[in-house]
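> okay, sequence plus prediction incoming.
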Amino acid sequence: MDNKLKNKFEEIYGAGGEIRFFAAAGRVNLIGEHIDYCGGKVLPAGLNLKCVVAARLRSDKVVNLAATTIGDRVSLDIGKLGDYRELKWGNYQAGMAYMMQGAGYDVPAMDLLYDCDVPFGSGLSSSAAIEVATGVTIALMGRKGGNKEKEKRELTAEELVKIAVLAQKAENEYAGVSCGIMDQFASAMAKKDCAILLDCATLEYSYNPLKLGDYRLVIANSNKRRSLAEGKYNERRSECEEGLAVLKSKLPNIQNLSDVTPKDLQKYEGLLPPVVRQRVTHVVGECVRVADSVKALAKGKIAEFGELLNQSHYSLRDLYEVTGVELDTLTHLARTHKGCIGSRMTGAGFGGCTVSLVHKDSVADFVENVGKTYEQKVGLKADFYDTSIEDGARELL
Ligand code: GLA
């Protein structure tokens with residue numbers, strides 16, 4: 001496999017033994033933002049940006065962690081996996097190992113080296129990629145008995161979904177971030193050249209081939225740090241819960257906020273406090289936009305999809321209030337570029353990345369000019385990634 005990573009591994013841990021490689025994807029969410037924890041449908045896709053883990057079994061009782069990008073080293077005692085909640089680096093790995101163990105997986109003693117090119121804090125889910133890659137590593141390295149090659153190295157979709165759910169649990173209960181299921185699910189289950197239509201209430205999903213014709217997805221990092229983002233994220237979640245509680249009193253059959261139709265909302269919005277009404281209006285509208293996007297993509301109506309991306313951004317800006325000057329400027333500049341037919345923030349917001357639909361002949365010019373003007377206006381340099389839509393978690397052979 002990857003010789004550079006293998007060499008680095010041997011430099012840190014010494015040579016010898018079988019080294020295996022596992023990966024999980026970063027993700028871009030195409031549409032359906034702040035919808036997963038409201039029980040609705042989202043449309044993420046896996047990226048070529050990913051977390052790769054090089055792994056080798058040990059014969060004692062520890063899991064050693066190292067990374068290619070930072071110098072930190074951590075050693076986890078397999079008998080005390082619950083004790084590492086305060087770790088800064090290594091928290092996601094420890095949390096995942098703890099949850100896997102709790103779910104009955106045997107966590108083997110291992111040396112692990114992480115190589116993650118999903119930019120941190122960018123809204124492309126580096127944390128989910130680390131968690132899911134750790135889960136897959138544990139599941140396959142700890143597997144006993146399977147002497148058939150395929151059995152030893154492959155996880156079924158069912159197992160991958162289980163790992164995604166455990167990864168979300170690690171993030172919620174170990175790292176203390178109350179995220180939904182979208183990122184971990186996408187990181188585990190992504191499929192090359194497809195978007196995943198995921199129902200976050202039932203975890204039913206389908207793969208929708210992403211045929212964008214002459215258009216390309218361009219991902220740009222605003223490089224605005226997401227400070228305060230976590231508090232605001234939790235605040236949005238509780239505003240949605242408040243909205244659901246009020247609407248449930250009138251609509252007893254609804255389970256989730258995503259079950260509220262535009263007609264229901266029109267009828268009962270007067271009962272909601274102004275800010276909560278804004279948040280709920282975003283959620284209800286975004287659910288409709290996800291359904292419309294799926295239809296538009298299936299019919300090859302790319303321009304229509306692009307417009308839905310714009311509308312999603314406006315709603316996140318004006319109603320949900322999770323954008324900010326950097327994301328608003330970057331998407332605005334994108335939209336005013338002649339080759340671009342739609343642009344929005346992706347992920348939690350408050351900073352991080354945007355996704356734009358750009359004509360293939362305009363991509364180079366888009367990157368140059370949008371980047372230049374963004375820097376002039378905001379004073380930050382945006383990064384543009386050369387991305388493709390790829391598979392989720394797997395062993396790299
Ligand atoms: C973050 C969370 C996800 C989701 C998005 C917003 O990425 O981890 O669960 O809520 O924000 O859509």
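Yes, it's here.
> SS state for the residue of the stretch 201-350 of the chain at minimum distance from the ligand?
Nearest residue of the stretch 201-350 of the chain to the ligand (C-beta to the nearest ligand atom) works out as residue 348 at 3.5 Å. (C-beta placed from N, C-alpha, C; glycine too.) Look at residue 348: counting by DSSP: H, G, I helix; E, B strand; the rest coil, its state is coil.
> relative to residue 183, how far out is it?
9 Å (C-beta to C-beta, to the nearest Å).
> higher neighbour count, these two?
residue 183 (30 against 23; other C-beta atoms under 10 Å).
> which residues touch that one?
By C-beta atoms under 8 Å, 6 or more residues apart in numbering, the contact list for residue 183 reads 27, 44, 125, 127-128.
> which ones among those are found in strands?
27, 44 (DSSP state E).
> just the contacts of residue 183 now: which is nearest the ligand?
Closest to the ligand, out of all of the contacts of residue 183 and judged by C-beta to the nearest ligand atom, is residue 125, at 6.1 Å.
> what about the spatially closest residue to that closest one that is not a sequence neighbour, helix or strand, and which?
Spatial nearest neighbour of residue 125, excluding adjacent residues (C-beta to C-beta, 6 or more residues apart in numbering): residue 183 at 4.0 Å. Per DSSP states H and E, residue 183 falls inside helix 182-189.
> that helix and the ligand, are they touching?
Yes. Judged by C-beta under 6 Å from any ligand atom, helix 182-189 comes into contact with the ligand at 182-183.
> again with stretch 30-38
Yes. Under the criterion of C-beta under 6 Å from any ligand atom, stretch 30-38 makes contact with the ligand via 33-34, 36-37.
> put the alpha carbons of stretch 380-397 into CSV.
The C-alpha coordinates for stretch 380-397 follow below in CSV (Å, rounded to 0.1, in the frame of the first residue of the first chain):
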residue,chain,number,x,y,z
LEU,A,380,-8.4,35.5,5.0
LYS,A,381,-7.0,33.1,2.4
ALA,A,382,-9.5,30.5,1.3
ASP,A,383,-8.3,27.0,0.4
PHE,A,384,-9.8,25.1,-2.5
TYR,A,385,-9.7,21.4,-2.5
ASP,A,386,-9.4,19.1,-5.5
THR,A,387,-12.1,16.7,-4.4
SER,A,388,-13.8,13.6,-5.8
ILE,A,389,-16.7,11.6,-4.3
GLU,A,390,-15.4,8.3,-3.0
ASP,A,391,-16.2,5.3,-0.9
GLY,A,392,-16.5,5.4,2.9
ALA,A,393,-14.8,3.1,5.4
ARG,A,394,-12.8,0.1,4.3
GLU,A,395,-9.5,-1.7,4.5
LEU,A,396,-7.1,-0.4,2.0
LEU,A,397,-5.5,-3.4,0.2
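> mean confidence score for that stretch?
Mean pLDDT, computed over stretch 380-397, is 96.
> list the buried ones in it?
Going by neighbour count (16 or more other C-beta atoms under 10 Å), the buried part of stretch 380-397 is 380, 382, 384-385, 387, 389-395.
> out of those residues, which sit inside strands?
Going by DSSP E, the strands hold 384-385, 394-395 from those.
> quick one: those residues as a markdown table, columns for distance to the ligand too.
Below are these laid out as a markdown table (distance: C-beta to the nearest ligand atom, whole Å):
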| residue | distance to the ligand |
| --- | --- |
| 384 | 20 |
| 385 | 17 |
| 394 | 22 |
| 395 | 25 |
